[in-house]
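Colleague: pasting the sequence and the predicted model now:
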Amino acid sequence: MNDPRIDQLASILTGYSTAVKRGDIVLITASGEECQPLLKAVHRACLERGARYVEIQFSFPEIARDLYRFGTPEQIAHFPAHRLAFLKQVDVSIGIAAEQNTMVLAGVDQEKHLAHQKVLRPLLDQRVNHTRWVICRYPTHGMAQQAGLSLEEMEDHLYGACNLDWATISRRQEPLRRLMLRTDRVHIEAPDTDLRLSIRGIPVAKSDGHHNIPDGEVFTAPVRDSIEGHIAFNCPTIHGGQAFDDIRLTFKRGKVVAGTAADGETRLGRILDIDRGARYLGEFAFGLNPRITRPMRNILFDEKIFGSIHFALGNAYAKCDNGNRSSIHWDLVKIFGPGSRVLFDGKPVMVDGRFVHAALKPLNPPRRRA
């Protein structure tokens, strides 16, 4: 029996998120076999909406792993020009991933992986900057296990966070976007965190269901050289198939001058040194999804945790550009709790993980009953 929540999600992805229309060329990238129910629903919806052509590309992490294990330097450095040529014809790109094991790349040569990601960067830039794109996840046993949930709980969590009224959420995000546009100085105070930065003159954008599903954030970028102080990220993360916990960064004039991570300091250093832009920040954002309240070690969800902020090491987005360029864009999440504050130009806007500014209070989810 087909789960009606799958059809609802497919409708959001092809309708609200990417607005597939007659004559469009659509690329659907699918990772993992288990996403077929959602893949079929999205493919069917694209055809029903009049897409001229729908290309489906499959990838499997276990196969990609062999490139980093057995690939020669020449193979790692090869750029698939044919993929870029096709992407230049694409109007809509929809990515669906069914992650069974996010640690599948944990044992590979990290330098090979980082080098290959750098080679493939033009593909990502083309998709992000020149197509109507969205990415999402399909619930799997692997995702559920990683999040400490049963598969049924994972399905409820995922569909609950994805199948929302995104038009209403977009309207609620607008006051925060406007406030950030008027803001110069940001001060973040929390346990083991005291960070100051400027966002003056940088565009601000809403993530309201058009690019990531689940979604829910308002983002900008810091003035590149403005960041001073230190921050401890308390949300576990994965980069390049390798786990990192308790990352702590110290900034001076915008640059990471010191970084530590539990059981991963050497690996963290390699990432920070991959290129000149990796030690600078390319994004600053508030997580706003009212249905995401706990970390899952899955950044598509974790960066949307309500009551959190995140910064991205590396490349800035074109729509909120601070000039930083890098082959990486690594989101790191800080979840707020008691004793935390975010101040805009000296005035508190968030305290203990909830908005206190009058115009932003509608963003707060209902308080949980004890």
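Modeller: Perfect, I can see it now.
Colleague: what is the mean pLDDT for stretch 317-333?
Modeller: Averaging pLDDT along stretch 317-333 gives 94.
Colleague: what does stretch 336-352 give?
Modeller: On average, stretch 336-352 scores 97.
Colleague: what does stretch 208-221 give?
Modeller: 96.
Colleague: ok, stretch 79-98 next?
Modeller: Here the average pLDDT along stretch 79-98 is 96.
Colleague: change the start of the numbering to 403 and stick with it
Modeller: Yes, from this point I'll number from 403; that puts the last item at stretch 481-500.
Colleague: end-to-end on that stretch?
Modeller: End-to-end span of stretch 481-500 (C-alpha to C-alpha, to the nearest Å): 26 Å.
Colleague: now swap in stretch 579-599 and tell me
Modeller: Using C-alpha to C-alpha, the two ends of stretch 579-599 sit 17 Å apart.
Colleague: next one: that stretch to chain centre, how far?
Modeller: 20 Å (C-alpha atoms, centre = their mean, to the nearest Å).
Colleague: how about stretch 667-674?
Modeller: 20 Å.
Colleague: which residues does it contact?
Modeller: For stretch 667-674, the surrounding residues in contact (C-beta atoms under 8 Å, 6 or more residues apart in numbering) are 512-513, 516, 641-642, 644, 646, 649, 658, 661-663, 680-681, 715, 730, 732. All C-beta atoms are positioned from the backbone trio N, CA, C, and that covers glycine.
Colleague: give me the neighbour count for Ser461.
Modeller: Using other C-beta atoms under 10 Å, Ser461 has 12 neighbouring residues.
Colleague: now it: phi and psi?
Modeller: Dihedral pair for Ser461: phi -140, psi 150, per degrees, to the nearest 10.
Colleague: next one: the one 5 residues further on
Modeller: In this entry, Ala466 is assigned phi and psi values of phi -60, psi -30 (degrees, to the nearest 10).
Colleague: so who does it touch?
Modeller: For Ala466, the contact set (C-beta under 8 Å, 6+ apart) comprises Leu507.
Colleague: tell me how far it lies from Val510.
Modeller: Using C-beta to C-beta, to the nearest Å, we find Ala466 at a distance of 9 Å from Val510.
Colleague: for Phe746, same thing?
Modeller: Phe746 is 42 Å from Val510, by C-beta to C-beta.
Colleague: thinking again about what came up before, so which of the contacts of stretch 667-674 are in helices?
Modeller: By the criterion of DSSP state H, membership of the contacts of stretch 667-674 in helices covers 512-513, 516.
Colleague: would you reformat the residues you listed as JSON lines and include distance to Pro524?
Modeller: Below are the ones in helices among the contacts of stretch 667-674 laid out as JSON lines (distance: C-beta to C-beta, whole Å):
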{"residue": "Gln512", "distance to Pro524": "22"}
{"residue": "Glu513", "distance to Pro524": "20"}
{"residue": "Leu516", "distance to Pro524": "16"}
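Colleague: make a ChimeraX selection of the buried ones in those residues.
Modeller: Remark: buried members of the ones in helices among the contacts of stretch 667-674, expressed as a ChimeraX selection using 16 or more other C-beta atoms under 10 Å:
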select :512,516
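Colleague: what would the ones in helices among the contacts of stretch 667-674 look like in JSON lines with pLDDT?
Modeller: Shown next, in JSON lines, are these (pLDDT from 0 to 100):
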{"residue": "Gln512", "pLDDT": "76"}
{"residue": "Glu513", "pLDDT": "82"}
{"residue": "Leu516", "pLDDT": "81"}
